[in-house]
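In: sequence-free structure coming up:
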């Protein structure tokens, strides 16, 4: 029997069946026979299993992960089985693996999964494939990466130098604490206090094994030790060696060596560098370079005001200070630094006694449009004189002296000689940098003068970008004086090196091109080029102050010997001369001529060689009556070359059999030609 559209409910449904013959007699189902119905019990199930998952991750090791969950039952359609679904996304929009499991636990092989994190859930299913709602998902980790140390610090709980009162008071668990933080959860039954996993190396190459300590969190280890663990009065550097730690998955760390630490040694800094802020020349920049690693940025105080000091590169820190109008110098500059161990140092060492000292770092003046002004440097060795009417608006200006950093270090001032790529012996810097700022453009040239012992090789130079440029300089009554159209940074140099000259024509060279371009390069990295003169056969062909000169003759050289002479003078009156003799070629002529094949069947190649460079080579072909049949021309001329004639006339038609006369013409300082014959036989 087949039934459809019958409404049934989940569970038992009673189906009564009667079978009738043609005269409506019922079929007997019972014994003894009598008319009757048969009742059938029909189970209809569209409900999923019932239970509580309580999905748990029982273990997550380097090789496998094990899950467990609760029992499920179904009233009508047992047995129940489970689908385990694994996905990368928590939404399970992309399921990468599905596992059928009859029990309530399962272990996954970690090696089957290439990524790091996965989501897993369980779905209970009855024998009619009715599903319960999925379980909540949990995450498991596939971790084969070694753990790494994020930070390692040595905390000095009792800094005992004279400035210890300036440092925060620590809880005195012990004198020193080594604190190591890893980048992930660690296996806490692996102790760094065993198997020489944690050691301190001294500058003497001796080791101290640390045999105590504990995990104070899932990823942080702490060891306390006493300064008595070190040799008596030891204040050299130490380094910490760590090995053996394992993460929660059992991956072992890579061996680690810390940076250098110092115990009971007051940190030091170099003498601060003070110069105009290149980003704002109304400010001064203070650069601090620590000689060891610091716990925090240095604390810088200028005239009692704290200024923010930020890290730069290579142990440099920087801060800026805005110059106040009409302020001459600053009264105090103090710097406090704290190293990684809590030891405190200062610059200057007696900074507490500097409250009455005037440091005289700069001087100021008011520059007005209706008055001239003269502004001296602090050391009175330099003065700038600015004429009336040099500015359109009134402005405060200042002067300041600073020394160059002799070694080229990122974010520090750099030596002028290194900027101009010359050794110190070639260009000597005889003064410190003197800054007249801000770097405004003037309406009239100002005069800057330096006092000292100078000679004609001394010049005043101005810093433009990161290079020094010459400004017009004169010696006047024991002073050296420069002219400048703007304020900026100035210094006096002595230029001891003459320019160097490089020509593209060598002495006694024989030219093949009668129109060779003469090219001169002048290398002058000091005071700059004042004048360069180029002579050809004692006739001036060029006069320039540029570092590159090119000359191409408008007419061909006369054949024979010529003299090229160059003189150069720099702004420090260093001079140099160079002289070369070269030979120019005569007009070009043909050395060799050949035509092949001859007689010609399909084509003919006419090869030639000329004695010198030329303007062009031309081919003309005539028949025996003198009529021009074909011509070709080359303007890019090599000394050895050829023409290909495909036996066509000028209209592109094949020529008739017979004898043809060809003529090659070459033009240079004159015209030369050569003739030949070609037989055409097809």
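Out: Structure's in. What do you need? Given the structure is predicted, the values throughout are model-derived calculations rather than measurements. Residues are numbered from 1 along each chain as shown.
In: tell me which residues in stretch 240-256 are buried?
Out: Using 16 or more other Cβ atoms under 10 Å as the test for burial, stretch 240-256 gives 240-243, 245-249, 251, 253. Heads up, the C-betas are built off the backbone N, CA and C, glycines and all.
In: Correction: the previous question concerned stretch 260-269.
Out: By 16+ other Cβ under 10 Å, the buried positions in stretch 260-269 come out as 261-267, 269.
In: What distance do you get for residue 680 to residue 588?
Out: Distance of residue 680 to residue 588, computed by Cβ to Cβ, to the nearest Å: 29 Å.
In: Give me the more crowded residue out of those two.
Out: Between residue 680 and residue 588, counted using other Cβ atoms under 10 Å, residue 588 has the larger neighbour count: 25 against 19.
In: residues touching that one, list them.
Out: Residue 588 makes contact with 610-614, 666-668, 672, according to Cβ atoms under 8 Å, 6 or more residues apart in numbering.
In: who wins for neighbours among these?
Out: residue 614 (26 neighbours).
In: In which helix or strand does that residue reside?
Out: Under DSSP states H and E, no helix or strand contains residue 614.
In: That one against residue 666, yeah?
Out: Yes. The criterion here is Cβ atoms under 8 Å, and residue 614 meets it with residue 666 at 5.0 Å.
In: where do the contact lists of the two overlap?
Out: Counting by Cβ under 8 Å, 6+ apart, the contacts common to residue 614 and residue 666 are 588, 637.
In: ranges for the helices of the stretch 251-400 of the chain?
Out: Applying DSSP state H, counting those that start in this stretch to the stretch 251-400 of the chain gives no helices.
In: any low-confidence regions in it?
Out: In the predicted model, the stretch 251-400 of the chain carries pLDDT under 70 at residues 325, 350-358.
In: what separates residue 604 from residue 679, distance-wise?
Out: Residue 604 is 9 Å from residue 679, by Cβ to Cβ.
In: okay, these two: which has more neighbours?
Out: Using other Cβ under 10 Å as the criterion, residue 604 and residue 679 rank with residue 604 on top: 22 against 14.
In: what do residue 604 and residue 679 both touch?
Out: Common neighbours of residue 604 and residue 679 (Cβ under 8 Å, 6+ apart) are residue 598.
In: Looking at this protein, which strand is longest?
Out: Assignment by DSSP state E gives strand 433-451 as the longest strand of the chain.
In: tell me which strands and helices the helix or strand that comes right after that one is in contact with?
Out: Using DSSP H and E, the helix or strand that follows strand 433-451 in sequence is strand 458-464. Packing partners of strand 458-464 (3 or more Cβ pairs under 8 Å, 6 or more residues apart in numbering; DSSP states H and E): strand 433-451, strand 467-470, strand 473-476, strand 479-495.
In: what do you get if the cut-off is 10 Å, keeping everything else the same?
Out: helix 416-419, strand 427-429, strand 433-451, strand 467-470, strand 473-476, strand 479-495 (3 or more Cβ pairs under 10 Å, 6 or more residues apart in numbering; DSSP states H and E).
In: Which of the ones you listed sits closest to residue 631?
Out: strand 467-470 (58.0 Å; Cβ to Cβ).
In: Please name the strands paired to that closest one in the sheet, noting orientation.
Out: Partners of strand 467-470 in the sheet, by DSSP bridges, are strand 458-464 (antiparallel).
In: Now do the buried residues in the partner strand.
Out: 458-463.
In: quick check, nearest of these to residue 275?
Out: Closest approach between those and residue 275, by Cβ to Cβ: residue 463, at 10.8 Å.
In: So, low pLDDT: which residues of the stretch 1-150 of the chain?
Out: For the stretch 1-150 of the chain, the stretches with pLDDT under 70 are 1, 29-38.
In: Tell me which stretches of it form strands.
Out: Shown for the stretch 1-150 of the chain, the strands assigned by DSSP state E, counting those that start in this stretch span residues 11-17, 38-44, 50-51, 56-60, 64-68, 72-73, 81-87, 95-101, 105-109, 117-125, 138-141, 149-156.
In: Of those strands, flag the one that's most buried.
Out: strand 117-125 (a mean of 20; mean count of other Cβ atoms under 10 Å).
In: That strand vs strand 64-68, what angle?
Out: Computed with axes from the mean of the first three to the mean of the last three Cα atoms, to 10 degrees, the direction of strand 117-125 lies at 40 degrees from that of strand 64-68.
In: Just name whatever secondary elements strand 117-125 is in contact with.
Out: If contacts are counted by 3+ Cβ pairs under 10 Å, 6+ apart, strand 117-125 sits against strand 64-68, strand 72-73, strand 81-87, strand 95-101, strand 105-109, strand 138-141.
In: mind checking which of the strands of the stretch 1-150 of the chain is nearest residue 487?
Out: strand 149-156 (47.5 Å).
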